[in-house]
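K.L.:
Need the 3D shape of this:
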Amino acid sequence: MKTKTPSESYVEQVHLINSADLNGYKRLFGGTLMSWIDMVAGIVARRHCETNVTTIAIDNLHFVAPAHANDIIVLCGKATYSGKTSLEVRVESYVEHLDGNRELINKAYVVMVALDENEKPTEIPQLVTTNDEEKFECECGKKRRELRNVRQKECF
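P.N.:
Down below sits the predicted model:
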């Protein structure tokens, strides 16, 4: 079975917030950010799986701070855990200030499933961690998967 490291599928995407991205409070609309998060997660998963993918779960979507018009938003996506046909991707979203410093505004975990040419789940390369941080994140990903399975069984 083929393996890949998190760095092989890492993605950064940058957006400049304009008026069309704002809600009634003149902050970044959460649905717009969610769309960007899903896009980044999908690109990470396609790079890792080398197949088409589909989103099956978004969890731990946590809004930490707002973003406003003219802010630069940087989304960073990285594979955190792999199953047989699915991949968990962490997407962290930051406001990048003029001095280049980044402030975390959102963290989300997205689960993607790899699809074959018939749009059926297909096996993916296993994720191989290369450092302590990645190993820790992978262990946390395993726990998150177990919790998702419990919630699904309990319809919760």
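
K.L.:
Going by C-alpha atoms from here, please, whenever you check contacts or count neighbours.
P.N.:
OK.

K.L.:
now the helices for the protein?
P.N.:
Under the criterion DSSP state H, helices of the chain are mapped to 30-49, 132-153.

K.L.:
okay, these, which one's buried deepest?
P.N.:
Of the helices of the chain, the one with the most neighbours on average (mean count of other Cα atoms under 10 Å) is helix 30-49, at a mean of 21.

K.L.:
any idea of the mean pLDDT in that one?
P.N.:
The average pLDDT within helix 30-49 is 98.

K.L.:
what about the longest strand in the chain?
P.N.:
In the chain, taking DSSP state E as the definition, the longest strand is strand 102-115.

K.L.:
Going by neighbour count, which residues in that one are buried?
P.N.:
Counting neighbours by 16 or more other Cα atoms under 10 Å, one finds that the buried residues in strand 102-115 are 103-115.

K.L.:
Would you format the residues you listed as TSV with pLDDT included?
P.N.:
Formatted as TSV, the buried residues of strand 102-115 follow (pLDDT from 0 to 100):
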residue	pLDDT
103	98
104	98
105	98
106	97
107	96
108	97
109	97
110	98
111	98
112	98
113	98
114	98
115	98
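
K.L.:
I'd like a version of these in a markdown table, one that adds distance to residue 40 as further columns.
P.N.:
Listed next are the buried residues of strand 102-115 as a markdown table, based on distance: Cα to Cα, whole Å:
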| residue | distance to residue 40 |
| --- | --- |
| 103 | 18 |
| 104 | 16 |
| 105 | 16 |
| 106 | 13 |
| 107 | 12 |
| 108 | 11 |
| 109 | 11 |
| 110 | 10 |
| 111 | 12 |
| 112 | 11 |
| 113 | 14 |
| 114 | 15 |
| 115 | 17 |
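
K.L.:
Can you find the helix or strand in the protein with the smallest mean pLDDT?
P.N.:
strand 52-63 (a mean of 92; mean pLDDT, DSSP states H and E).

K.L.:
before we move on, the earlier item: got the angle between the longest strand of the chain and helix 30-49?
P.N.:
Angle of strand 102-115 versus helix 30-49, following axes from the mean of the first three to the mean of the last three Cα atoms, to 10 degrees, is 60 degrees.

K.L.:
distance between strand 102-115 and the chain's centre?
P.N.:
Using Cα atoms, centre = their mean, to the nearest Å, the distance from the centre of strand 102-115 to the centre of the chain it belongs to is 2 Å.

K.L.:
Export only the CA atoms of the least confident helix or strand of the chain, formatted as CSV.
P.N.:
Provided in CSV are the C-alpha atoms of strand 52-63 (Å, rounded to 0.1, in the frame of the first residue of the first chain):
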residue,chain,number,x,y,z
ASN,A,52,-11.8,12.5,-6.7
VAL,A,53,-13.2,13.0,-3.2
THR,A,54,-16.4,14.1,-1.5
THR,A,55,-17.0,15.7,1.9
ILE,A,56,-18.7,13.4,4.4
ALA,A,57,-18.3,15.4,7.6
ILE,A,58,-17.2,18.7,8.9
ASP,A,59,-16.7,18.8,12.7
ASN,A,60,-15.1,20.9,15.3
LEU,A,61,-15.7,24.0,13.2
HIS,A,62,-14.7,26.6,15.8
PHE,A,63,-15.0,30.3,15.1
